[in-house]
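Asker: 3D model of this:
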Amino acid sequence: MASDNLTDQIEELVMMQRVDEELGATLDFENVLMLAMDWALRRTGASAGLYATYASDGQGLLPLIALGYPPGTITSSAGQTVVPNLFEDSERTRESHFIANIADRPDYRPIYPKAQSAIVVPIELRGAPLGVICLEGEQPHAFEEADLGFVKRLAGRAAIALDHARLYREAEAQADEMAALYAASNLISSSLERSVALANAAQSMAAVLQVSSVIIAEYKPNQGRLVIAHAYRLPTVRNTFETLPETGDGLDLGQYPSLQAIITSQRSVAVRASDPDISVSLRRWMAEHRFQAMLITPLVVPLTAQTTAAEVLGLVFSIEGRHERRFAFEEIQTAAALGSQIASALRQTILYEEVRELEMLKSEMIRMASHDLRNPLGGVMGYFELLVGSLGAEISERPDRQEYVRHVRNSLGTMRALIEDLLTLEKVDSERKVAWAELDFAQLTRDVFEAQRSGAELKGHSLTLQLDSASSAGPLHVFGSTVQLREAITNLIDNAIKYTPKGGSIQVRLNQKAKRLIFEVQDNGYGISKERQQRLFQRFFRAHEPGTDHISGTGLGLSLVKTVIDRHGGEVWVHSESGIGSTFGFWLPLAALPLETGETAK
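Answerer: Numbering: from 1, shown residues only. As a prediction, this is how the structure comes out:
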């Protein structure tokens with residue numbers, strides 16, 4: 001007999017060790033409990049057994065694991081499996097019970113139809129009840145007193161498993177919440193178009209909070225009003241009857257002091273239609289639209305990064321139209337976090353619209369320059385030349401008057417060049433990438449080189465073109481705008497001609513290096529000092545070096561080159577030394593070429 005007890009104890013220790021190992025090695029706690037329950041039935045000889053937790057209303061038990069019960073004994077209803085409490089007084093299940101004969105315990109309600117004996121042990125953790133373990137047998141006195149101690153020890157392991165399961169569910173819920181917030185944040189900030197940003201914001205708030213509708217209202221402080229900017233109903237919602245206001249509808253904050261208070265306090269507020277302290281006006285508005293509950297979140301953005309002062313852009317109404325919902329504290333915090341994201345996104349859309357308006361104004365002013373300045377300037381230049389021609393000898397015989405004419409011509413030429421450069425910059429900025437195509441940059445370089453040859457010859461320059469073997473043998477393809485790239489090449493060659501004294505040497509080079517195209521223009525002209533090189537590509541900057549005062553220019557040419565190359569995904573550079581010369585260049589990515597016959601992709 002002693003040896004049998006020792007064997008049982010050893011088996012129990014081995015089983016408990018295995019249960020502990022399983023609990024530490026897996027998050028599948030149902031399997032661990034199933035393993036323990038199966039062994040408990042075999043260890044005690046019970047006919048059926050279950051692990052169960054208390055229902056939230058205390059009116060039943062929710063089985064986690066149930067073994068040995070005939071089909072139909074434990075049924076499900078309303079999506080939940082519930083069995084009656086084992087005792088009339090559910091509090092009694094928090095005590096351990098060794099029931100040798102159920103016939104002697106009329107207060108006990110068995111689950112197993114043929115049950116004659118039972119053991120019921122509460123599952124507790126840190127004094128808090130979690131549920132029960134129940135074993136039932138078909139014969140009276142089916143269990144021994146030692147079995148009660150065994151089940152108590154098993155209940156301790158079950159408590160640990162249930163607590164691990166709770167922590168795991170909470171961690172999963174937090175991970176899901178963080179993933180939802182991350183996805184919502186990305187969606188909210190994915191567009192600078194105001195209408196799209198509003199739609200994304202409303203959709204994100206509705207999805208994360210699982211409300212039936214969301215309204216975003218813009219705050220107009222000068223008018224003391226809220227204006228509905230967007231209204232959204234979750235498409236998957238059923239059994240809701242709320243009606244949403246139209247975009248553009250307004251709420252006079254003088255009539256809704258509770259909304260004004262939220263804007264002033266900059267704090268979220270949850271309200272229900274049945275709340276006794278809700279304002280009359282807000283209750284009427286909710287009843288008019290059949291809103292059962294709302295979480296109202298202010299859209300707050302800081303005025304500057306250096307201060308704590310903030311501005312309210314509007315309010316988000318997260319609406320529940322299906323039932324009177326009580327928003328939890330965590331949900332209010334989540335809404336506040338999303339509200340900050342929405343406010344930042346809307347502020348970005350406002351800034352984007354302002355910049356777009358300025359860009360449109362700039363474009364309009366440049367177009368005005370095209371028509372209102374270029375045409376009159378052409379008339380002035382024409383009549384000036386007629387006047388100079390009519391004066392004839394009076395100018396040719398007076399050196400001072402010849403100097404006056406030269407200054408006027410230079411000034412008029414500078415004005416015309418400035419207008420043309422501004423128009424070119426506007427054309428580059430406004431040209432859409434959809435108009436770009438694959439082009440042969442080597443052929444484009446040859447064309448521009450030939451067009452610039454006459455200008456170089458007039459100054460007695462030696463102008464040469466050096467193409468590497470790849471560009472000499474065939475095309476070098478890039479993807480972009482022929483017009484823009486032609487302007488960039490022309491500007492660099494033209495600058496070399498202008499800033500190189502008569503009889504100078506200018507070399508244009510085009511090479512291929514890996515997947516890049518390298519273009520350079522080298523001259524032995526005036527050169528540029530180190531301190532002026534950093535600003536060379538800024539608009540309207542001219543690097544005045546000794547001997548260059550007589551050269552006209554607008555300071556826009558190199559800026560145009562940088563704009564073009566940046567837009568094409570390349571980079572510009574300059575190497576120069578005052579009095580020795582300069583090398584200006586850039587690289588562009590080569591376009592992907594189709595594979596030759598027989599070639600394989602790597």
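
Asker: hey, where'd the strands end up in the stretch 51-200 of the chain?
Answerer: Secondary structure of the stretch 51-200 of the chain by DSSP state E, counting those that start in this stretch: the strands cover 61-67, 76-77, 80-81, 97-99, 117-125, 128-137.

Asker: closest to E385 out of the ones you listed?
Answerer: Closest to E385 of these is strand 80-81 (CB to CB; 96.9 Å). (C-beta placed from N, C-alpha, C; glycine too.)

Asker: export the strands of the stretch 51-200 of the chain to CSV and tack on mean pLDDT?
Answerer: As requested, the strands of the stretch 51-200 of the chain are exported to CSV (pLDDT from 0 to 100):
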stretch, mean pLDDT
strand 61-67, 87
strand 76-77, 54
strand 80-81, 68
strand 97-99, 93
strand 117-125, 90
strand 128-137, 88
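
Asker: domain ranges for the chain?
Answerer: Each domain of the chain is listed here as a residue range: 2-71+81-172, 194-354, 432-589, per automatic domain parsing.

Asker: among the ones you listed, which is nearest R416?
Answerer: Nearest of the domains of the chain to R416, taken as CB to CB: domain 432-589 at 9.9 Å.

Asker: Could I get the average pLDDT for the closest one?
Answerer: In this model, domain 432-589 has an average pLDDT of 81.

Asker: before we move on, the earlier item: got a markdown table for the strands of the stretch 51-200 of the chain, with distance to S90 too?
Answerer: Below are the strands of the stretch 51-200 of the chain laid out as a markdown table (distance: least, CB to CB, whole Å):
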| stretch | distance to S90 |
| --- | --- |
| strand 61-67 | 9 |
| strand 76-77 | 19 |
| strand 80-81 | 17 |
| strand 97-99 | 13 |
| strand 117-125 | 11 |
| strand 128-137 | 10 |
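
Asker: Near the residue lying closest to N524 once chain neighbours are set aside, how many residues? Count them for me, please.
Answerer: Distances taken as CB to CB, 6 or more residues apart in numbering put G581 closest to N524, at 4.1 Å, once the chain neighbours are dropped. With neighbours defined by other CB atoms under 10 Å, the count for G581 comes to 21.

Asker: residues contacting the residue nearest to T93 when sequence neighbours are not counted?
Answerer: Closest residue in space to T93, ignoring its immediate chain neighbours: V132 at 5.2 Å, by CB to CB, 6+ apart. Taking CB atoms under 8 Å, 6 or more residues apart in numbering, we find V132 in contact with 51-52, 61, 86, 93, 120-123.

Asker: redo that, cut-off 10 Å
Answerer: Neighbouring residues of V132 by CB atoms under 10 Å, 6 or more residues apart in numbering: 50-54, 61, 85-87, 90, 93-94, 96-97, 120-124, 155, 158.

Asker: same thing with N495?
Answerer: Counted by CB under 10 Å, 6+ apart, N495 has contacts 521, 523, 525, 551, 553, 557-558, 561, 582, 584.

Asker: Okay, and which of the residues you listed map to helices?
Answerer: By the criterion of DSSP state H, membership of these in helices covers 557-558, 561.

Asker: So what does L536 have for phi and psi?
Answerer: phi -60, psi -40 (degrees, to the nearest 10).

Asker: my read: it touches K530, true?
Answerer: No: the pair L536 / K530 is not scored as a contact, 11.1 Å apart, by CB atoms under 10 Å.

Asker: Give me the neighbour count for N239.
Answerer: Around N239 sit 8 other residues, with neighbours defined as other CB under 10 Å.

Asker: Distance of it relative to R322?
Answerer: Look at N239 and R322: by CB to CB, to the nearest Å, they are 6 Å apart.

Asker: So for these two, which residues contact both of them?
Answerer: In contact with both N239 and R322: S212, using CB under 10 Å, 6+ apart.

Asker: quick one on the thing from earlier: S481 is nearest to which of the strands of the stretch 51-200 of the chain?
Answerer: When these are compared (using CB to CB), the closest one is strand 80-81, at 65.9 Å.

Asker: ok, now which ones touch the closest residue to T243 other than its chain neighbours?
Answerer: Computed as CB to CB, 6+ apart, the closest residue to T243 that is not its neighbour in sequence is H289, at 5.1 Å. Shown in contact with H289 (CB under 10 Å, 6+ apart): 213, 215, 241-245, 317, 319, 321.

Asker: ok, those residues vs E331, which is closest?
Answerer: The nearest member of the contacts of H289 to E331, counting by CB to CB, is I319 at 13.4 Å.

Asker: Count the neighbours of the closest one for me.
Answerer: Neighbours around I319, by other CB under 10 Å: 30.

Asker: same question, Q255
Answerer: Per other CB under 10 Å, the neighbour tally for Q255 reads 16.

Asker: Does it belong to a helix, a strand or coil?
Answerer: coil (DSSP: H, G, I helix; E, B strand; the rest coil).

Asker: could you list every residue that touches the residue lying closest to it once chain neighbours are set aside?
Answerer: Nearest residue to Q255, sequence neighbours excluded (CB to CB, 6+ apart): S281, at 5.3 Å. For S281, the contact set (CB under 10 Å, 6+ apart) comprises 251-252, 254-259.

Asker: Report pLDDT for E596.
Answerer: Value for E596, per-residue pLDDT: 40.

Asker: what does L181 give?
Answerer: 61.

Asker: Equivalent analysis for A103, please.
Answerer: 93.

Asker: can you give me the helices in the stretch 51-200 of the chain?
Answerer: Remark: helices assigned in the stretch 51-200 of the chain by DSSP state H, counting those that start in this stretch are 145-188, 194-209.

Asker: and Q402, which of those is closest to it?
Answerer: That would be helix 194-209 among the helices of the stretch 51-200 of the chain, by CB to CB, at 60.8 Å.

Asker: Point out the other helices and strands that that closest one packs with.
Answerer: Judged by 3 or more CB pairs under 10 Å, 6 or more residues apart in numbering; DSSP states H and E, helix 194-209 is in contact with helix 145-188, strand 213-220, strand 225-233, strand 293-302, strand 310-320, helix 329-368.

Asker: Now that helix: buried residues?
Answerer: 194, 197-209 (16 or more other CB atoms under 10 Å).

Asker: With distance to P475 and pLDDT added, can I get the residues you listed in JSON lines?
Answerer: Below are those laid out as JSON lines (distance: CB to CB, whole Å; pLDDT from 0 to 100):
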{"residue": "R194", "distance to P475": "45", "pLDDT": "85"}
{"residue": "A197", "distance to P475": "44", "pLDDT": "88"}
{"residue": "L198", "distance to P475": "48", "pLDDT": "89"}
{"residue": "A199", "distance to P475": "46", "pLDDT": "89"}
{"residue": "N200", "distance to P475": "44", "pLDDT": "88"}
{"residue": "A201", "distance to P475": "49", "pLDDT": "88"}
{"residue": "A202", "distance to P475": "51", "pLDDT": "90"}
{"residue": "Q203", "distance to P475": "48", "pLDDT": "89"}
{"residue": "S204", "distance to P475": "49", "pLDDT": "87"}
{"residue": "M205", "distance to P475": "54", "pLDDT": "89"}
{"residue": "A206", "distance to P475": "54", "pLDDT": "89"}
{"residue": "A207", "distance to P475": "51", "pLDDT": "86"}
{"residue": "V208", "distance to P475": "54", "pLDDT": "86"}
{"residue": "L209", "distance to P475": "58", "pLDDT": "88"}
